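> Here is my input, please return the structure:
(chains A and B)
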Amino acid sequence: MSSAGALALPSTSWRTRSALPGFGLSLGFTIFYLSTVVLIPLAALIIRPWELGLSGFVAEVTAPRVLAALKLSFGAAAVGAVLNTVFGLIVAWVLVRYRFPGKRLVDALVDLPFALPTAVAGIALSALYAPNGWLGAPLMWLGVKAAYTPLGVVIALTFIGLPFVVRTLQPVLNDLSRDHEEAAATLGASRLQTFRRVVFPALLPALITGSALAFARAVGEYGSVIFIAGNLPLRSEIAPLLIIIKLEEFDYAGAASVGVVMLGVSFLILLILNGLQALMAKRR
Amino acid sequence: MTDATMTEFALPRPRAATADHPVARALLTATAMFFIALFLLLPLITVFAQALKNGVSTALAAIVEPDALSAVKMTLIAAGIAVPLNVVFGLAASWAISKFDFRGKSFLITLIDLPFSVSPVISGLVYVLLFGMMGWFGPWLREHDIKIIFAIPGIVLATMFVTFPFVARELIPLMSDQGRDEEEAATSLGASGLQTFRRVTLPNIKWGLLYGVLLCNARAMGEFGAVSVVSGHIRGQTNTMPLHIEVLYNDYQFVAAFAVASLLALLALVTLTVKTFLEWHYADEIAAVHKH
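Numbering: from 1, shown residues only, chains lettered A, B, ... in the order given. Below is the predicted model:
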């Protein structure tokens, strides 16, 4: 054997040999644990609805109550994501570009929806926006009923999605070189023009990623929503709650059908957004 | 021109070309603060204000009540099993992924992230479909008198599912950044695999690991949707703290509900504090995604 041959460790077809031990053990455990905890249970979800047959499945997920719940979950999540896109951009901008007292505290607080258990957030939002609550009472006086309506669902989903946009934008804004902005200013662009033409296009991919993450999280959200939603069938009943109701009626296939549609639509939307992003990256 | 005169000219300088107009700046800051106060600060204050509405002793009484204590115990059991298992998994997965090259690696990472994109309710549902009364293994389990759904194992499984990626997704980028030179050096000097891991790898990743455990634990103790599906809401038996809060709230025992909720809110505040501390002091030793 030549010395060069001895240096290059023999390699099997699907992996390169390494001098370090523990590959088989660590990968084996990883795949075993992943399969037991995640993959096999998810397979059960995907297989279960088909015991109804295709027509049964379609009938199940096009029932008025299911459609209304899906529409509310996806619609309110979309509205929440749009709100978070606008305000998340402002919050990220202020936190990265400006200095003010208490900035670090505010920055840490942004992660609250990640850290606060959803049930706690749920009862707090519900108490706040109830007709006699701190915010609910003034809103009632203005003629707006927030709690126990679809508006309440939007409020809860905005809360839950807030950190995603801010946390996705912050590192991008931080890395954004000021040179381009300076160049634009030198060439006579106003600050607003510079933002629209120079800064915003650079932020757009991260902005889309952030809102997509917020949206995806909001679609499946349960704990922070059910207390404030009022849960009226056809009006303020979200899709995850409908799954629980069907389970309580031992309608396993029905519950799985709603779950499969939620997963499917979420993945489809994320796929489209990913495609959109790839397209933008190509054009830049 | 000397340096001194330069500074004199520079001092009263008008705002830089890349600075926002003071009015725009004030407006944007005010909007951001208003949004944060409305959506983050107010809900947080509400929890404590409602809990203490009838005084500290009423709130304390709701926390030391037997059903509440049993819920605390249940939450500790669920997190106490799910978090260590996910730590072992996170270490194994990140060791395999960061120290070796093999085909299908990025697909494996996608699969590990999967539980994050699944609704909590679906995370519970999948176990009911497997182990519930009419689930795939339901009849067999009933024959052998094993209870998973509406019992502790179901709660632990659901908690494991929702907290599955936390440690792994923290460690994979961190350990990939660190490469494998140090481990290879240790091995070539005759260290065993376990020695290499304990003496070389672990010291390098300890803050990142702590960061992952912190987030994993916060979610494990606070999980509601997934656990709600599998627990059966048996008071004093299979209720975790978040489920106990729901029961109290639906019973119109608002002060008691907020008292138990304030415990979890305190946990969230501690989590945020430690997390921020880690981000400030060990920015280099936690995954690059968190440096901002």
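> which residues does B:N217 contact?
Neighbour list for B:N217: B:79, B:83, B:271 [criterion: CB atoms under 8 Å, 6 or more residues apart in numbering or on different chains]. Backbone N, C-alpha and C define where each C-beta goes, glycine included.
> Surely B:P43 and A:A124 touch.
Yes: counting by CB atoms under 8 Å, B:P43 does reach A:A124; the two are 4.0 Å apart.
> picking up where we left off before, near chain A, list only the ones from the contacts of B:N217.
When these are checked against chain A using CB under 8 Å from any CB of the partner chain, the ones in range are B:T271.
> and the contacts of B:N217 as a markdown table, adding neighbour count, pLDDT and distance to A:R104?
Formatted as a markdown table, the contacts of B:N217 follow (neighbours: other CB atoms under 10 Å in any protein chain shown; pLDDT from 0 to 100; distance: CB to CB, whole Å):
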| residue | neighbour count | pLDDT | distance to A:R104 |
| --- | --- | --- | --- |
| B:A79 | 22 | 97 | 29 |
| B:V83 | 22 | 98 | 28 |
| B:T271 | 22 | 95 | 16 |
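> Just the ones of the contacts of B:N217 in helices?
B:79, B:83, B:271 (DSSP state H).
> and of those, the nearest to chain A?
Checking those against chain A by CB to the nearest CB gives B:T271 as the nearest, at 4.7 Å.
> so who does that closest one touch?
Counting by CB under 8 Å, 6+ apart, B:T271 touches A:115, B:214-215, B:217-218.
> ok, now A:A156?
Applying CB under 8 Å, 6+ apart to A:A156 gives the contacts A:121-122, A:125, A:221, A:224-225, A:228-229.
> Now go through the residues you listed and say which are in helices.
A:121-122, A:125, A:224-225, A:228-229.
> Now those residues in JSON lines, please, with extra columns for distance to A:S266.
Below are the ones in helices among the contacts of A:A156 laid out as JSON lines (distance: CB to CB, whole Å):
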{"residue": "A:A121", "distance to A:S266": "21"}
{"residue": "A:G122", "distance to A:S266": "21"}
{"residue": "A:L125", "distance to A:S266": "23"}
{"residue": "A:S224", "distance to A:S266": "18"}
{"residue": "A:V225", "distance to A:S266": "16"}
{"residue": "A:I228", "distance to A:S266": "22"}
{"residue": "A:A229", "distance to A:S266": "20"}
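> can you narrow these to ones near chain B?
Answer for these near chain B (CB under 8 Å from any CB): A:121-122, A:125.
> mean confidence score for the helix or strand where A:V172 lies?
Element membership for A:V172 (DSSP states H and E) is helix A:150-175. If you average the pLDDT over helix A:150-175, you get 95.
> May I see the buried residues of that helix?
A:150-173 (16 or more other CB atoms under 10 Å in any protein chain shown).
> Residue 267 - how many residues pack around it?
Going with chain A. 12 (other CB atoms under 10 Å in any protein chain shown).
> Can you look at chain B instead?
Neighbours around B:L267, by other CB under 10 Å: 20.
> got it, and A:F100?
A:F100, neighbours per other CB under 10 Å, totals 12.
> Name the SS class of it, please.
Secondary structure, DSSP: H, G, I helix; E, B strand; the rest coil: A:F100 is coil.
> Skipping its backbone neighbours, what lies nearest the residue nearest to the spatial centre of chain B in space?
Centroid-nearest residue in chain B: B:L215, 2.7 Å away (criterion: CA atoms, centre = their mean). Closest residue to B:L215 apart from its sequence neighbours, by CB to CB, 6 or more residues apart in numbering or on different chains: B:F166 at 5.1 Å.
> so the one you found touches B:L85, yeah?
No: applying CB under 8 Å, one finds B:F166 not in contact with B:L85, separated by 11.8 Å.
> Pick out whichever of those two has more residues nearby.
B:F166 (25 against 17).
> ok so, going back, list phi and psi for the residue nearest to B:L215.
phi -50, psi -60 (degrees, to the nearest 10).
> Against A:L109, how distant is it?
21 Å (CB to CB, to the nearest Å).
> Could you do B:E285 as well?
24 Å.
> got it, and B:R180?
B:R180 is 38 Å from A:L109, by CB to CB.
> cool, and A:L95?
For A:L95, the distance to A:L109 - CB to CB - is 10 Å.
> Compare the two (neighbour count), which wins?
Counted by other CB under 10 Å, A:L95 and A:L109 do not tie: A:L95 has more neighbours, with 23 against 20.
> Now do the host helix or strand of B:V274: distance to the chain's middle.
In this structure, B:V274 sits in helix B:254-281 according to DSSP H and E. Distance of helix B:254-281 from its chain centroid, counting by CA atoms, centre = their mean, to the nearest Å, is 12 Å.
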